[in-house]
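Student: Have a look; sequence and predicted model below, questions after that.
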Amino acid sequence: MRKTILIILVIFISKNITGQSDWSAEGKLNLILPGGMFGELYSTGFGGTANLYYRLSSSFDLFLSTGFLTTTTDNGYFERKIDEIYGYKITIDNTAYFSIIPLQLGINFYAASGKYKPYLTFQYGLYYVIEDNMSLDITTGQTVDISKERTEAVSGYGIGAGLLIDMNKNMSINISALYNGNSYELKESYKVQTSLNSYYSESRSESIKFIRIAAGFKYYL
């Protein structure tokens with residue numbers, strides 16, 4: 001029994017002297033760059049994420065990721081659209097938001113060892129989406145903002161690359177860029193009255209796509 005305890009202690013002490021823990025935690029600041037239709041309707045966004053890692057081997061990390069990401073409408077887009085469709089030059093001061101709370105599992109593959117570790121990353125799971133819907137009722141050049149929140153849980157993924165830079169045995173800097181997508185359908189529609197009882201309408205929809213650039217610190221537990 002004493003021999004077994006001694007062996008366990010030797011392994012534990014050796015691991016903490018010569019290497020890093022298998023568990024690590026991380027906090028990151030995120031810059032959100034919306035793409036496609038999402039990029040037309042919304043501005044650059046920001047957010048924070050927290051990750052918990054478990055090292056499978058020297059080349060692979062498994063991790064759980066969550067956080068909060070948010071952006072607001074691009075008012076300039078709607079001003080141009082209203083001018084184009086209705087002929088009204090108006091100013092919109094609106095702060096309708098689009099927020100995402102991710103809960104995803106991921107894996108990192110490290111292409112090299114040493115102080116600088118470039119890696120590929122993939123993550124998949126749920127996005128809890130909160131959309132502050134915006135309606136603009138245009139009559140005599142005035143706008144009426146009618147907001148109604150829409151929430152939905154959808155599947156989403158992220159794929160990209162990063163660089164892990166070891167500062168010491170307890171901490172690293174982590175920089176990454178990911179292409180993200182999910183199955184949430186973003187919708188835009190409008191209706192134009194051409195005569196007293198005649199209208200035409202147009203609508204479009206597209207799933208969410210965005211690039212996420214993140215940087216933060218990873219601590220070994």
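Tutor: Alright, I've got the coordinates. Residues are numbered from 1 along each chain as shown.

Student: Low-confidence bits of the chain, can you list those?
Tutor: 1-20, 134-148, 193-200 (pLDDT under 70).

Student: What are the buried residues along stretch 159-168?
Tutor: Neighbour-count burial for stretch 159-168, counted by 16 or more other CB atoms under 10 Å, picks out 160-162, 164, 166. From N, CA and C alone the C-beta is placed, and that goes for glycine too.

Student: for the residues you listed, which one is nearest Glu188?
Tutor: Gly160 (27.7 Å; CB to CB).

Student: what's near enough to touch the closest one?
Tutor: Neighbouring residues of Gly160 by CB atoms under 8 Å, 6 or more residues apart in numbering: 120-121, 176-179, 212.

Student: how does it look with 6 Å?
Tutor: Applying CB atoms under 6 Å, 6 or more residues apart in numbering to Gly160 gives the contacts 121, 176-179.

Student: again, but for Leu126
Tutor: Neighbour list for Leu126: 103, 153 [criterion: CB under 6 Å, 6+ apart].

Student: Sticking with it, tell me its helix or strand.
Tutor: Taking DSSP states H and E as the criterion, Leu126 maps to strand 116-136.

Student: Over to Gly39?
Tutor: helix 36-41.

Student: Now the element after that helix, going C-ward?
Tutor: Using DSSP H and E, the helix or strand that follows helix 36-41 towards the C-terminus is strand 45-55.

Student: What lies in contact with stretch 207-221?
Tutor: In contact with stretch 207-221 (CB under 6 Å, 6+ apart) are residues 20-21, 23-28, 30-36, 38, 170-172, 174-184, 186.
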